[in-house]
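Colleague: Show me how the following folds:
(one chain, ligands or ions: 1)
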Amino acid sequence: MTTLCGLYDDAGDFLNGGFTREFALAVAETRAPTRMGRLWVLPYRPERFRQWAAHLVAHTPNLRAAWRQPVAEVLRAGARITHLNELRVGAVIDCSGMAVVAQAVGAETLATDARTQAPATIFPLRNVQRACSSVAGMAQVLLPLARAGFPPLHLQPGLASGEFTAKFAGPPQQVPELISFLQRQVSGFARCETLPEAIVQAARAGRMIVGRQVLTGADVLEGRKFPGAVARGAWPIEQWPEGRPPRFRYLPPHTHYEIPPGCLQAARLKNLFMAGKCLSAEADAIASARVMGLCLATGAAAGVLAAASLTSTGLK
Ligand SMILES: Cc1cc2nc3c(=O)[nH]c(=O)nc-3n(C[C@H](O)[C@H](O)[C@H](O)COP(=O)(O)OP(=O)(O)OC[C@H]3O[C@@H](n4cnc5c(N)ncnc54)[C@H](O)[C@@H]3O)c2cc1C
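Modeller: From the prediction side, this is the model:
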């Protein structure tokens, strides 16, 4: 069990409707969001997310999926991409997280700051027999780990009692040692366990594509609005420095920012669009806009923009 972040404003209302809201509700474990500190998040199970995505792919007319085919060759003629892996293309949406299409055709990209977007190891933790909901309760768990020299651990409560999603700043190989320490040294964790096959390492860092507009950290923190905006966000700027606890910079209360269409269209290529972690944004701005609620919203918006570009050029 984990959570979809970035879907809600601080009143717990959806920031983006349409596909984003429909997809989130289709995969949700609960109809209403749950509180995580000052934020609202929606619990979901990754299996359900995968199943629903597969269902949509299978039932969308005229959609052909090509799984496990890395981007190999991208051809460009002037300001247009013409072919991708030998397929003739009218428009391309780069949502590779690493701007692989943009880099293949020499489009300008921006890197995230790897020092503040360190990777993490994610795993489920079960059979925990103590409440960790209060700050003081969590501190009693995390302090012994810090004193013993373990990298920071973040525990996100699941819906079932005793279940957590752990986000650990150490490598996957250190998880057995961490669990053994918790079992021996922290009260309530004597019977805690994980599923070894569910331990994954996830990269926060990515690469953004420079678009017609670039979302800035100030746009996020000041809740800036744009004409013709295609998505809304209110998630804080999340920084995860290597080996240190995370830092969250929040928007003012009752505020959200907007994402203009120019952040989803490459600056110099007419038919390259982007979404998710490839959004045209500074490192600070993507540290807010990379959460999955916003990936759903920018992905849907990029699809609409790409389709409109085909219609306007007569390629559809
Ligand atoms: C440790 C950690 C915890 C997180 N926790 C949460 C959370 O609780 N809630 C939340 O909402 N968000 C969370 N996030 C953020 C969120 O998961 C990511 O930012 C988001 O998934 C990014 O989505 P994306 O589609 O842009 O990129 P990705 O999810 O990285 O997807 C990119 C896709 O492109 C494919 N690809 C890459 N290169 C190629 C290539 N050369 N050819 C073909 N395909 C390619 C990849 O296989 C992948 O399928 C977390 C992130 C991390 C790292």
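Colleague: Pull the number of nearby residues for the closest residue to residue 214 other than its chain neighbours.
Modeller: Sequence neighbours aside, residue 280 is the residue nearest to residue 214 in space, at 5.1 Å (criterion: CB to CB, 6 or more residues apart in numbering). (Each C-beta comes from the backbone N, C-alpha and C, glycine too.) Residues lying near residue 280 (other CB atoms under 10 Å) number 26.
Colleague: With the flanking residues excluded, which residue is spatially nearest to residue 28?
Modeller: Nearest residue to residue 28, sequence neighbours excluded (CB to CB, 6+ apart): residue 42, at 5.2 Å.
Colleague: quick one, what contacts that neighbour?
Modeller: The contact partners of residue 42, taken as CB atoms under 8 Å, 6 or more residues apart in numbering, are 3, 4, 7, 8, 24, 28, 30, 33, 34, 293.
Colleague: That one in helix, strand or coil?
Modeller: strand (DSSP: H, G, I helix; E, B strand; the rest coil).
Colleague: is it true that the residue nearest to residue 214 touches residue 211?
Modeller: Yes: the criterion here is CB atoms under 8 Å, and residue 280 meets it with residue 211 at 2.9 Å.
Colleague: so what sits against both of those two?
Modeller: With CB under 8 Å, 6+ apart, residue 280 and residue 211 have common neighbours 262, 263, 264, 266, 267, 274.
Colleague: which element is the residue in the stretch 1-150 of the chain positioned nearest to the ligand on?
Modeller: Nearest to the ligand, among the residues of the stretch 1-150 of the chain, is residue 97, at 3.0 Å (CB to the nearest ligand atom). Counting by DSSP states H and E, no helix or strand carries residue 97.
Colleague: can you count the residues close to it?
Modeller: Quick note: residue 97 (other CB under 10 Å) scores 17 neighbours.
Colleague: And for the one 4 residues further on?
Modeller: Residue 101 sits with 25 neighbouring residues when counted by other CB under 10 Å.
Colleague: follow-up on the earlier one: give me the PyMOL select line for the contacts of residue 42, limited to the buried ones.
Modeller: Buried members of these can be picked out in PyMOL with the line below, counting by 16 or more other CB atoms under 10 Å:
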select buried, resi 3+4+7+8+24+28+33+293
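Colleague: so which of the contacts of residue 42 are also by the ligand?
Modeller: Among the contacts of residue 42, proximity to the ligand is found for 3, 4, 293 (CB under 6 Å from any ligand atom).
Colleague: measure the nearest residue to the first one once chain neighbours are set aside to residue 214 for me?
Modeller: Meaning residue 3. Among residues not flanking residue 3 along the chain, residue 41 sits closest, at 3.8 Å (CB to CB, 6+ apart). Plainly put, residue 41 is 28 Å away from residue 214 if you go by CB to CB, to the nearest Å.
Colleague: Which one of the two is surrounded by more residues?
Modeller: Set residue 41 next to residue 214 and count neighbours by other CB under 10 Å: residue 41 wins out with 22 against 18.
Colleague: Output the set of residues of the chain in proximity to the ligand.
Modeller: Checking the chain against the ligand by CB under 6 Å from any ligand atom, the hits are 2-6, 70-71, 95-98, 100, 120, 122, 167, 202-204, 276-277, 290-293, 295.
Colleague: Buried ones only from those residues, please, as a ChimeraX command.
Modeller: The following ChimeraX line selects those of those that are buried, judged by 16+ other CB under 10 Å:
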select :2,3,4,5,6,95,96,97,98,100,120,122,167,204,276,277,290,291,292,293,295
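Colleague: Which ones among the residues of the chain next to the ligand lie within helices?
Modeller: Using DSSP state H, the members of those that fall in helices are 100, 292, 293, 295.
Colleague: what's near enough to touch the closest residue to the last one other than its chain neighbours?
Modeller: In this structure, residue 295 finds its nearest non-sequential neighbour in residue 276, 4.0 Å apart by CB to CB, 6+ apart. Applying CB under 8 Å, 6+ apart, we find residue 276 in contact with 95, 97, 290, 294, 295, 298, 299.
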